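quick one: sequence and predicted model below, then my questions.
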Amino acid sequence: MLKLWLIRHGKTEGNKLARYIGTTDEPLCQEGIDFLGKMDYPGVHTIYVSPLKRCVQTAEILFPGEPVHIIEELAECDFGEFENKNYRELDGNPKYQEWIDSNGTLPFPGGESREACKSRNLRGFDKAVNGCIRSHVAEAALVIHGGTIMNIMEEYADIHKPFYEWHVKNGGGYEVELDERMWQNGRRQLRVETSIMEG
């Protein structure tokens, strides 16, 4: 069995202000750094990260001195015209209202659709899993984004819940396991072991 920790990066200034932070490459804020210092994730054999600063920094704090493997496809969604804005700043924007009315199913104006982002994230996750299987890794961490975790869990978790119900707070995440042989044979499922700071 392959054990994976899916960990959401620590808090940034944009997160504190409830902004849509996707492609914006902002660092962790001091509060985020301090909080991660109190988290106690177990040691792992391999670490995969999104290319964005907030994920790389989080991995360095949680797994000091360990090398990381960057997978571009694990990056957060491109929020297009909503990038780096929050709901108060977007209030009265007809495109934003239309997106809200669609239950978040419409593509972000000038950005990615949820389907395109999910497809990209799942390709990145597949790269990580295949890398672990090839290298006979038994335990790995993916330090990624909230949306990336939600896409992976919605698709593969053995507990069926819709996308938004897989949300985790900064620094939190899920411990999951998969059977490598079944995965390679196309039976792709993640057994959810524990959630960290769920909700």
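Arrived safely.

what's the closest non-adjacent residue to residue 116?
Spatial nearest neighbour of residue 116, excluding adjacent residues (CB to CB, 6 or more residues apart in numbering): residue 107 at 7.6 Å. (Glycine included, C-beta is placed from N, CA and C.)

check what pLDDT the one you found gets.
For residue 107, the model assigns a pLDDT of 93.

just use 50 as the starting number from now, easier for me
Will do, 50 is the new start, and the previous item becomes residue 156.

confirm it sits in a helix?
No. Residue 156: not assigned to a helix; according to DSSP: H, G, I helix; E, B strand; the rest coil it is coil.

got a list of what it touches?
Counting by CB atoms under 8 Å, 6 or more residues apart in numbering, residue 156 touches 129, 162-163, 165.

roughly how far does the spatially most central residue of the chain sit from residue 150?
Residue closest to the average C-alpha location in the chain (CA atoms, centre = their mean): residue 194, at 2.8 Å. From residue 194 over to residue 150 the distance is 25 Å, taken as CB to CB, to the nearest Å.

ditto for residue 93
In terms of CB to CB, residue 93 sits 42 Å off from residue 150.

between these two, which one's more packed in?
Taking other CB atoms under 10 Å, residue 93 and residue 150 do not tie; residue 93 has more neighbours (19 against 10).

any idea how far residue 203 is from that one?
Separation of residue 93 from residue 203 (CB to CB): 24 Å.

where do the strands sit along this protein?
Residue ranges of the strands in the chain, as given by DSSP state E, are 51-57, 95-98, 118-119, 188-193, 217-227, 240-247.
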